[in-house]
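> Just to be clear, the model below is a prediction. Sequence and coordinates:
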Amino acid sequence: MFSKHAIQDWKILSPAGRVLVINGFTFNLGFYMLLPYLADHLQHNLGISGWYVGLIIGLRVLSQQGLFLVGGTLGDHLGYKRLILLGCAVRIAGFILLGVGYNIPVLMVGAFLSGFAGALFTPSSQAYLASEYPEAKARNTVFALQNLMSEAGMLLGPLLGLSLLYVDFALVGLVSAGLFTLLLIIQWRYLPELASQQTLPAIQKTPFWCQWVQMLTHKVFMQFVLCSSVYHLLFHQLYIAVPYEVRVVTQDVSVITWVFATSSITGVLMQMPVSRWVEKHLGIARGMGIGMSVMGSSYLWLNLAFPSFPALPFLLCALFFSIGSMLVFPLLGAYVPRFCSPKELGSHYGLYSCIGGLYAFIGNISTGWLLSSSGISHAWIWAGLASIALLSGILLFKLTNTTSH
């Protein structure tokens with residue numbers, strides 16, 4: 001039954017859709033080969049101080065999240081395929097520099113290029129995929145497939161990177177760059193130029209700042225973006241709050257690996273069955289509302305303690321977080337095209353991702369400060385995340401239930 005559904009899902013993909021869905025796997029495979037081990041490499045192998053390590057890592061995040069809008073707008077003006085190819089080329093250079101660089105200026109350039117590459121190809125890849133599937137039902141399925149492949153890359157990337165790390169970190173950087181080189185060649189050869197972008201007459205007549213003003217004053221779109229960006233706030237707590245709590249409660253860093261493995265394996269095995277269940281029984285509005293609420297409530301498991309198995313609350317958190325993510329994440333990405341014309345998808349995906357990055361940044365700073373404060377019980381932090389998610393879920397349900405009708 002599982003293989004039958006998988007074949008049916010794969011068959012609905014166009015040739016370009018197949019390339020883009022496979023991109024989701026390869027992007028994450030190359031990315032997660034290197035990034036989870038970068039901070040440790042900088043600090044212990046190169047002897048760089050913690051402040052500079054934070055600066056280098058922060059520059060990569062800022063150059064990606066902060067420039068999504070620029071990358072998406074360039075995709076609308078220059079063509080999505082061109083921006084995807086350019087993003088791959090920039091990331092090749094960035095990963096090579098991160099892999100072989102030994103001094104701070106070179107590493108900072110590598111970090112900036114690695115992040116900027118994501119800002120170039122991510123909005124254009126999403127916009128191209130959405131353009132291939134104008135019908136909402138098919139688009140929901142395709143975005144779920146892409147999320148499944150991304151989860152698979154997120155699962156296998158650290159394992160491949162760890163095996164290469166036993167040789168040398170430079171090899172990790174070079175192999176990651178090699179993957180993006182292969183991806184660049186495949187997309188140049190097999191990803192066609194989007195038919196609607198072969199001339200690009202209309203969008204070029206509109207200055208980009210006018211396009212940005214139109215988006216920012218589009219009330220319903222901005223309401224959707226502000227509510228849906230809570231997803232990014234919740235997701236990035238897996239990298240900040242959960243590892244911190246793991247060290248406090250268990251003193252066993254290997255639990256962090258099990259948390260990410262649980263989340264990724266659940267996503268790979270269950271994404272498509274969950275998406276089909278949402279389509280048949282829940283619908284878009286309830287899927288978004290329930291999914292966001294389940295994601296946030298997953299952090300409440302961290303209030304429990306099992307002395308005989310201290311890792312259990314973290315594994316339950318990862319499991320329920322993944323269930324919520326499978327419900328809501330593909331629906332969010334597939335919903336953006338309802339707010340704009342096909343020729344403006346890149347800029348809309350760019351703004352959507354940019355604000356999501358801002359939420360993640362604010363969330364990381366806030367929870368980091370709260371977790372390090374001795375006067376605040378961590379139970380209040382988990383309750384706060386659950387409450388924010390519940391509010392977001394209710395607002396998303398109301399908003400999408402109204403716009404769907």
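The structure has been received and is ready for your questions. Residues are numbered from 1 along each chain as shown.
> how about low-confidence regions in the stretch 301-405 of the chain?
The stretch 301-405 of the chain contains residues with pLDDT under 70 at 403-405.
> repeat that for 80
Per-residue confidence for the stretch 301-405 of the chain (pLDDT under 80) gives these ranges: 342, 364, 372-375, 402-405.
> for it, what spans make up the helices?
Counting by DSSP state H, counting those that start in this stretch, one finds helices in the stretch 301-405 of the chain at the ranges 312-335, 345-372, 378-404.
> Out of these, the one nearest Ala144 is which?
Each of these has some distance to Ala144 by CB to CB; the shortest is helix 312-335, at 4.0 Å. Bear in mind the C-beta positions are built from the backbone N, C-alpha and C, glycine included.
> Does Leu358 touch Gln65 like I think?
Yes: Leu358 sits in contact with Gln65 when judged by CB atoms under 8 Å, with a separation of 7.1 Å.
> So for the two, which residue has more residues nearby?
Set Leu358 next to Gln65 and count neighbours by other CB atoms under 10 Å: Gln65 wins out with 22 against 15.
> before we move on, the earlier item: out of the helices of the stretch 301-405 of the chain, which is closest to Gly72?
From these, taking CB to CB, the stretch that ends up closest is helix 345-372, at 2.2 Å.
> elements contacting that closest one?
Counting contacts by 3 or more CB pairs under 8 Å, 6 or more residues apart in numbering; DSSP states H and E, helix 345-372 packs against helix 50-65, helix 68-78, helix 104-132, helix 208-216, helix 219-228, helix 230-235, helix 241-249, helix 378-404.
> gap between Gly47 and Ser114?
Between Gly47 and Ser114 the distance is 21 Å, computed by CB to CB, to the nearest Å.
> out of those two, which sits in the more crowded spot?
With neighbours defined as other CB under 10 Å, Gly47 and Ser114 compare such that Ser114 has more, 28 against 7.
> thinking again about what came up before, compile the helices and strands packed on helix 345-372 into CSV and extend it with columns for distance to Thr367.
Supplementary listing: those in CSV, determined by distance: least, CB to CB, whole Å:
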stretch, distance to Thr367
helix 50-65, 15
helix 68-78, 22
helix 104-132, 22
helix 208-216, 28
helix 219-228, 19
helix 230-235, 9
helix 241-249, 5
helix 378-404, 6
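> tell me which helix or strand of this protein sits lowest on mean pLDDT?
Counting by mean pLDDT, DSSP states H and E, the chain has its least confident helix or strand at helix 2-11, which shows a mean of 60.
> quick revisit: among the helices of the stretch 301-405 of the chain, which is the most enclosed?
A comparison of the helices of the stretch 301-405 of the chain by mean neighbour count, using mean count of other CB atoms under 10 Å, puts helix 312-335 on top with a mean of 23.
> Tell me where the stretch 1-150 of the chain is predicted with low confidence.
When the per-residue scores of the stretch 1-150 of the chain are filtered using pLDDT under 80, the ranges that remain are 1-13, 36, 39-40, 43, 49-55, 57-58, 61, 136.
> Select, out of the helices of the stretch 301-405 of the chain, the one closest to Val213.
Nearest to Val213, of all these, is helix 345-372, at 11.3 Å by CB to CB.
> How far does that closest one sit from its chain's centre?
Here helix 345-372 is found 11 Å from its chain centre; the criterion is CA atoms, centre = their mean, to the nearest Å.
> quick check: angle from that helix to helix 312-335?
Angle, helix 345-372 to helix 312-335, by axes from the mean of the first three to the mean of the last three CA atoms, to 10 degrees: 160 degrees.
> Spit out the contact partners of Asp252.
246, 310-311 (CB atoms under 8 Å, 6 or more residues apart in numbering).
> how about 10 Å then?
For Asp252, the residues meeting the contact criterion (CB atoms under 10 Å, 6 or more residues apart in numbering) are 246, 258, 310-311.
> With Val230 instead?
Residues in contact with Val230 (CB under 10 Å, 6+ apart) are 292, 295-296, 328, 356, 359, 363, 385, 388-393, 395-396.
> Go through stretch 49-56 and flag the buried ones.
The neighbour-count check on stretch 49-56 (16 or more other CB atoms under 10 Å) flags 53, 56 as buried.
> Please save the CA atoms from it in PDB.
These are the backbone C-alpha positions of stretch 49-56, laid out as PDB (Å, rounded to 0.1, in the frame of the first residue of the first chain):
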ATOM      1  CA  SER A  49      37.400  32.100  20.200                       C
ATOM      2  CA  GLY A  50      33.700  31.600  21.000                       C
ATOM      3  CA  TRP A  51      32.800  35.200  20.100                       C
ATOM      4  CA  TYR A  52      34.200  34.900  16.600                       C
ATOM      5  CA  VAL A  53      32.600  31.500  16.200                       C
ATOM      6  CA  GLY A  54      29.200  33.100  17.000                       C
ATOM      7  CA  LEU A  55      29.900  35.900  14.600                       C
ATOM      8  CA  ILE A  56      30.700  33.500  11.800                       C
END
